[in-house]
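S.K.: sharing a model that was predicted from the sequence below.
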Amino acid sequence: MEKNHFSQIESPKNVKSFGLLPDGKEILCYTLKNKNGAELSVINYGATITSLKIPTSENALVDVVLGFDTVTDYIKSYYLPSPPYFGTTIGRFSGRINNAEFSLNGKRHFLNKNHGEHSLHGGILGFSRKIWKVMIITLEENPSITMEYTSKSNEENFPGEVIVKVTYTLTEENELKVLYWAKSTEDTIINLTQHTYFNLNGHKTDVTNLKLIINSDKILDTNKELIPTGKFITLKNNELDFSSAKQCPSAIDTTFALEKSDAVTLSSEKTKLKMTVHTNQPAVHVYVGGNCFNQLKGKESADYHSKSGICFETQNFPDAPNHNSFPSAVLKVGEEYHHQTTFTFENI
């Protein structure tokens, strides 16, 4: 019998089957562990983080991210009323692009529409729904995994063939480091992000008792469809001013402009865990959600709802290709795209 599936082959301890795609291809789950006992699990479907277990001061392991137990549930989640994109790599362009179109080098490009009249998170079949190739795994000190995906020219109507790599590193200091790299065969646009939903109380609870700091003094102004107008709103005396610690909001879907690399601090009085987010990106889009509408169970049979987790989507501004005043989202031939974000966990 031909061994088509990983489960039929003698497997290393850090790799297991995560289920089959409709075409029979097997998706694998890779687990990294550091000397402190922290554990990161990633699948090659969407370069998706499925689990992140952090040790508390009481030597308990808390899974601080939302996810599913099988690839079948990840696939089904894209047919929910509002797909959650749990833990995935978003591309080619995270966030919204107005009317799913933009101009580049004098040519108008019309993208696939998957969010009303707009493009959201890379289109109908973005990077989050692709099979990524595992390139390198290191299991020694600071274990890491590097995955690669080649996006063909005109995929979702984006110009240029783009090679994308992501490296997840679990350091001995309990940091999750995310590094994105990309290059293109022709001028294109790119805006990658990691779409993990965090909950420092554990993935089965809600985020409203967490404390949040966002180091930003302005947010993007948007219309009722959350498309940027090109203007900014200062946060002084604004309810979205999180410059000092406040309770996590029960609902938010907002882009915060960043002036410094230290973007966010999230903390839990229950587990005594603190997470800080550092990035080289110009913005962080903050979103509370995770609702599975009682149609799908989360991992460990969790019932995810609209306040289950909070995302910190470090990225360029949404709709950047349509605003000259925003940081450029153009990746030119011969240039390289570099995105670095670090999630640091500490006991408090």
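M.R.: Sure thing, it's come through.
S.K.: all helices of the protein, in order?
M.R.: Taking DSSP state H, the helices of the chain run over residues 71-77.
S.K.: could you point out which residue ranges in it have low pLDDT?
M.R.: Within the chain, the segments meeting pLDDT under 70 span 1-11.
S.K.: and with 80 instead?
M.R.: Where the chain drops to pLDDT under 80, the residues are 1-13.
S.K.: quick one: residue 245 and residue 341, what's the gap?
M.R.: 21 Å (C-beta to C-beta, to the nearest Å). All C-beta spots, glycine's among them, are computed from the backbone N, C-alpha and C.
S.K.: more neighbours, the two?
M.R.: residue 341 (24 against 12; other C-beta atoms under 10 Å).
S.K.: which residues does that one bridge with?
M.R.: In this entry, residue 341 is beta-bridged to residue 178, residue 279, by DSSP bridges.
S.K.: list the contacts of it.
M.R.: 177-178, 194, 277-281, 314 (C-beta atoms under 8 Å, 6 or more residues apart in numbering).
S.K.: repeat that for 7 Å
M.R.: Listed by C-beta atoms under 7 Å, 6 or more residues apart in numbering, the contact partners of residue 341 are 178, 194, 277, 279, 281, 314.
S.K.: what's the answer for residue 125, then?
M.R.: residue 156.
S.K.: give me the contact list for stretch 107-118.
M.R.: So stretch 107-118 is contacted by 96-102, 119-120, 123-124, 156-159, 225, 227 (C-beta under 7 Å, 6+ apart).
S.K.: mind listing what's buried along that stretch?
M.R.: Neighbour-count burial for stretch 107-118 flags 109, 111, 113-115, 118 (criterion: 16 or more other C-beta atoms under 10 Å).
S.K.: over to stretch 297-307?
M.R.: 298-299, 302, 304, 307.
S.K.: and stretch 31-50, by the same measure?
M.R.: Result for stretch 31-50 [16+ other C-beta under 10 Å]: buried residues 31-34, 38-50.
S.K.: go on, stretch 15-24?
M.R.: In stretch 15-24, counting by 16+ other C-beta under 10 Å, buried: 17-20.
S.K.: repeat for stretch 327-337
M.R.: Buried, per 16+ other C-beta under 10 Å, within stretch 327-337: 329-331, 337.
S.K.: now do stretch 80-90
M.R.: 83-90.
S.K.: for those residues, which one is nearest residue 12?
M.R.: Nearest to residue 12, judged by C-beta to C-beta, of those is residue 87 at 22.2 Å.
S.K.: got the contact list for the closest one?
M.R.: Counting by C-beta under 7 Å, 6+ apart, residue 87 makes contact with 48-50, 65, 67, 195-196.
S.K.: now the residues you listed as CSV including distance to residue 253?
M.R.: Listed next are the contacts of residue 87 as CSV, based on distance: C-beta to C-beta, whole Å:
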residue, distance to residue 253
48, 21
49, 21
50, 24
65, 19
67, 21
195, 13
196, 16
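S.K.: show me which of these is closest to residue 347.
M.R.: residue 65 (17.9 Å).
S.K.: residue contacts, the closest one?
M.R.: Listed by C-beta under 7 Å, 6+ apart, the contact partners of residue 65 are 49, 51-52, 87, 196-198, 203.
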